[in-house]
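S.K.: using only what follows, build the 3D model:
(chains A and B)
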2 protein chains.
Amino acid sequence: MSGAGPEIERLMALLSKLPGLGPRSARRAALALLKRRDQLLIPLTHAMQDAADKIESCRICGRLSTQNPCTTCVDPMRDETMICVVEEDSALWAMERVGAFTGKYHVLGGLLSALDGIRPEDLRLDSLISRVRSGRVREIIMALPATVEGQTTAHYIADRLKGFDNQVDITFLARGVPVGGDLDWLDDNTIAHAFKSRR
Amino acid sequence: MSGAGPEIERLMALLSKLPGLGPRSARRAALALLKRRDQLLIPLTHAMQDAADKIESCRICGRLSTQNPCTTCVDPMRDETMICVVEEDSALWAMERVGAFTGKYHVLGGLLSALDGIRPEDLRLDSLISRVRSGRVREIIMALPATVEGQTTAHYIADRLKGFDNQVDITFLARGVPVGGDLDWLDDNTIAHAFKSRR
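M.R.: Numbers count the residues shown, from 1 in each chain, chains lettered A, B, ... in the order given. Below you'll find the predicted structure:
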């Protein structure tokens, strides 16, 4: 309770659910919105309404898009023999910012996690298998986080794709020292990986 | 450009204008909204639409409220002989959270600042003088920031109220050591203030 009235309290409570905003920054955000009604509150409300109305998950790759299938899936310029598997759209956006990948994507929508109770049927795995089964895919690139869950998920997928060994290569993003990374600041595992994979 | 499509890009760009969110946290916030469409995106959109439709500045005290005059201004239980002058609604909300003040408020909407070109006519000053002139006010409490702008504004207001010396006391929030504050972490000015005002 901050004495701001129920409408503003509700706005603050919902804003505080955004990642990166706590109760205090949610109050500042609410005040910024209310003070900049025409420049920020109304445009952002419209952008959010627009997103809620138009954006859905692509029925082929699962990415968030206003088109279904999404522009990447229907783009004839993109190599349909390569599928880059990512956890979330944020990883796909990062790959697209880099611009190095010209194939298609598959967004799992999460990672296997015994702790969080996320099972294979909670992820977009069947649709990935179907895409491989269609016969055009030659390489699956696992662009999953270098965490226990990321690696468990990658190995689970590799296992499920065992039957397609002759058709499909499964590759992983290289592990190593980040560009500009100082050895002194890196964890031992990363250094060990980078050493083993030296070229 | 993050390859997320124009609607999501626009959402990210607007979210990054909120205080406390940069480009990266705006991307995370946009993804959180899109992934939690029914639990977060739609409720927050409605709360913002509601705020944009209903919330305005009270014509007496200037606070943001769905009612005009606001509930504080019309509340007969609140002492109309005391007015607490604050910079923004956030300071008013903080005072209300504490619950120690039972009078009325006046929200200036900013502070005088030669640097930012904020002049007396940009603040809600005339309406404050009118409220004092109405004759019921006995105390003006300056709850303004302990900054150069805050103090300049407080002194400017005190100057404008010179004519009401017999009627109105002007008081300031005490300066001193914050509760739980360690002297070692405090700036010298605060310590000097706290020493001078020792009781």
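S.K.: next one: the nearest residue to A:Arg37 once chain neighbours are set aside from A:Trp185, what distance?
M.R.: Among residues not flanking A:Arg37 along the chain, B:Ala52 sits closest, at 6.2 Å (C-beta to C-beta, 6 or more residues apart in numbering or on different chains). Where C-beta positions appear, they are placed from N, C-alpha and C, glycine not excepted. Using C-beta to C-beta, to the nearest Å, one gets 46 Å for the distance from B:Ala52 to A:Trp185.
S.K.: tell me which of the two has more neighbours.
M.R.: Using other C-beta atoms under 10 Å in any protein chain shown, the more surrounded residue of B:Ala52 and A:Trp185 is B:Ala52, with 17 against 8.
S.K.: correct me if wrong, but the more buried one is in a strand.
M.R.: No: applying DSSP: H, G, I helix; E, B strand; the rest coil, one finds B:Ala52 to be helix, outside a strand.
S.K.: tell me the confidence at it?
M.R.: Looking at B:Ala52, its pLDDT stands at 96.
S.K.: give me every residue that touches it.
M.R.: With C-beta atoms under 8 Å, 6 or more residues apart in numbering or on different chains as the criterion, the residues that contact B:Ala52 are A:Arg37, A:Leu41, A:Ile42, A:Thr45.
S.K.: count of neighbours near A:His73?
M.R.: Check again: residue A:73 is Cys, not His. Neighbourhood size, A:Cys73 [other C-beta under 10 Å]: 21.
S.K.: angles on the backbone of the nearest residue to it once chain neighbours are set aside, please.
M.R.: Nearest residue to A:Cys73, sequence neighbours excluded (C-beta to C-beta, 6+ apart): A:Ile60, at 4.4 Å. The phi/psi pair for A:Ile60 (degrees, to the nearest 10) reads phi -90, psi -60.
S.K.: one more: the one 4 residues further on?
M.R.: Backbone torsions of A:Leu64, given as degrees, to the nearest 10, read phi -80, psi 130.
S.K.: wait, what's in contact with it?
M.R.: A:Ile55, A:Glu56, A:Ser57, A:Cys58, A:Asp89, B:Ala4, B:Gly5, B:Ile8, B:Leu31, B:Leu34.
S.K.: what do you get for A:Leu125?
M.R.: Contacts of A:Leu125 (C-beta under 8 Å, 6+ apart): A:Leu108, A:Ile157, A:Arg160.
S.K.: at 7 Å what do you get?
M.R.: A:Ile157, A:Arg160 (C-beta atoms under 7 Å, 6 or more residues apart in numbering or on different chains).
S.K.: could you measure from it over to A:Gly110?
M.R.: Counting by C-beta to C-beta, the gap from A:Leu125 to A:Gly110 is 10 Å.
S.K.: ok, now A:Thr81?
M.R.: Shown here: A:Thr81 relative to A:Gly110, a distance of 26 Å by C-beta to C-beta.
S.K.: more neighbours, these two?
M.R.: More crowded of A:Thr81 and A:Gly110, by other C-beta under 10 Å: A:Gly110, with 16 against 11.
S.K.: just confirm that one contacts A:Glu121, I think it does.
M.R.: No: counting by C-beta atoms under 7 Å, A:Gly110 does not reach A:Glu121; the two are 11.3 Å apart.
S.K.: need the overlap of contacts for the two.
M.R.: With C-beta under 7 Å, 6+ apart, A:Gly110 and A:Glu121 have no common neighbours.
S.K.: skipping its backbone neighbours, what lies nearest A:Gly3 in space?
M.R.: Closest to A:Gly3 by C-beta to C-beta, 6+ apart is B:Glu96, at 2.5 Å.
S.K.: which stretch of helix or strand covers that neighbour?
M.R.: Assigned by DSSP states H and E, B:Glu96 belongs to helix B:89-98.
S.K.: neighbours of the closest residue in space to A:Ala194 that isn't next to it in sequence, how many?
M.R.: Leaving aside its chain neighbours, A:Ala194 sits nearest to A:Gly176 (4.1 Å; criterion: C-beta to C-beta, 6+ apart). Neighbourhood size, A:Gly176 [other C-beta under 10 Å]: 17.
S.K.: what do you get for A:Ala194?
M.R.: Using other C-beta under 10 Å, A:Ala194 is surrounded by 17 other residues.
S.K.: what about whichever helix or strand it is part of, average pLDDT?
M.R.: A:Ala194 belongs to helix A:188-196 when elements are defined using DSSP H and E. In this model, helix A:188-196 has an average pLDDT of 81.
S.K.: how does chain A divide up, domain by domain?
M.R.: The record's domain parsing of chain A by automatic domain parsing lists A:6-54, A:78-172.
S.K.: mind checking the end-to-end distance for the shortest one?
M.R.: By that I understand domain A:6-54. Distance between the two ends of domain A:6-54: 30 Å, counting by C-alpha to C-alpha, to the nearest Å.
S.K.: for the residue found closest to A:Arg59 once you drop the neighbours it is linked to in the chain, give its distance to chain B.
M.R.: Leaving aside its sequence neighbours, A:Arg59 sits nearest to A:Asn68 (C-beta to C-beta, 6+ apart; 5.8 Å). Counting by C-beta to the nearest C-beta, to the nearest Å, the gap from A:Asn68 to chain B is 12 Å.
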